[in-house]
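In: no sequence for this one, just the structure:
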Ligand code: B1M
């Protein structure tokens, strides 16, 4: 049986080769993908954040940890996304303008895919007009936004305003999330839903489209 604490450690120290290899072995030995993500990988990133906050880690260590997290996500992504059913709806997702954090957003995208949604991922630093253009182009039913910085959360509001201005607000449901975002903030800016976790984004997306 694989020592999964080693996966946690590999991400904390930013060892991408080890994090991927351990993940592959864990998958092969039958460990559930979500167990790896929620019990080892996300806690590892939280520990990295803690070390950053108390000046034990700096931006280079954050980057290495993020790379190790992404390396571990690679073999997991297709497993999280494998649903094999007709799309329940189309989601445009992105990290808002000014924000370069994409690990949580990528996780949400994989979970939504796995939950049966078609996902169009606009990446990071997505300007309001890019969300607007993609919704118009694809007729998406949902816009999902992620923000990890208190300074970029207002871009969620700006994006909602831009969708209103473009006459698209009534056509889409808007979901928001990310570490500093709260239900209260979601209500304040007029979003249709908030999820604290990536897994929670799936029932939320179904709920706002009245699918469950
Ligand atoms: Co930055 N960073 N970072 N960072 N970083 C944080 C967010 C921070 C909390 C660290 C800290 O101080 N403890 C802090 C923000 C403080 C604040 O705003 N109050 C911070 C800072 C300050 C910065 C910089 C300003 C640092 C600098 O340059 N001085 C800078 C900003 C750059 C920018 O964006 N413009 C910066 C840069 C970076 C890196 C690029 C080095 C790297 C990101 C690499 C990447 O993403 N490719 C990085 C990292 C890795 C972090 C931490 C350590 C980890 C983030 C992460 O990936 N977590 C982070 C500390 C922390 O979060 N503990 C930190 C794991 C991920 C799975 O969780 O993204 O929260 P999360 O997603 C969760 C939920 O939030 C939810 O689902 C996920 C899983 O359940 N969720 C959604 C997320 N989006 C959702 C959308 C939804 C629903 C749910 O829609 C429906």
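Out: Perfect, thanks for sending it. Because the structure is a prediction, the values reported are computed rather than measured.

In: What does the pLDDT read for residue 113?
Out: Residue 113 carries a pLDDT score of 85 in this model.

In: That one reaches residue 119, doesn't it?
Out: Yes - Residue 113 sits in contact with residue 119 when judged by C-beta atoms under 8 Å, with a separation of 5.1 Å. (C-beta placed from N, C-alpha, C; glycine too.)

In: intersection of neighbour lists for those two?
Out: Residues touching both residue 113 and residue 119 by C-beta atoms under 8 Å, 6 or more residues apart in numbering: none at all.

In: Near the ligand, which residues of this structure are found?
Out: When proximity is defined by C-beta under 6 Å from any ligand atom, the chain lies next to the ligand at 42, 45-46, 48-49, 52-53, 59, 62-63, 65-66, 98-105, 107-108, 144, 146, 148-150, 175-180, 195, 197-198, 201.

In: What are the structural domain limits within the chain?
Out: Following automatic domain parsing, one finds the domains of the chain at 5-82, 90-208.

In: Could I get the full set of helices for this structure?
Out: Secondary structure of the chain (DSSP state H): helices located at 5-13, 16-28, 33-35, 42-53, 59-81, 103-114, 128-138, 154-165, 183-189, 201-208.

In: tilt between the second one and helix 5-13?
Out: The one in question is helix 16-28. Following axes from the mean of the first three to the mean of the last three C-alpha atoms, to 10 degrees, one obtains 150 degrees for the angle between helix 16-28 and helix 5-13.

In: How about the longest one?
Out: Angular relation of helix 59-81 and helix 5-13 on a 0 to 180 degree scale: 140 degrees, by the same axes, to 10 degrees.

In: Identify each buried residue in helix 59-81, please.
Out: Within helix 59-81, the residues that qualify as buried by neighbour count (16 or more other C-beta atoms under 10 Å) are 61-62, 64-66, 68-73, 75-77, 80-81.

In: Thanks a lot, catch you later.
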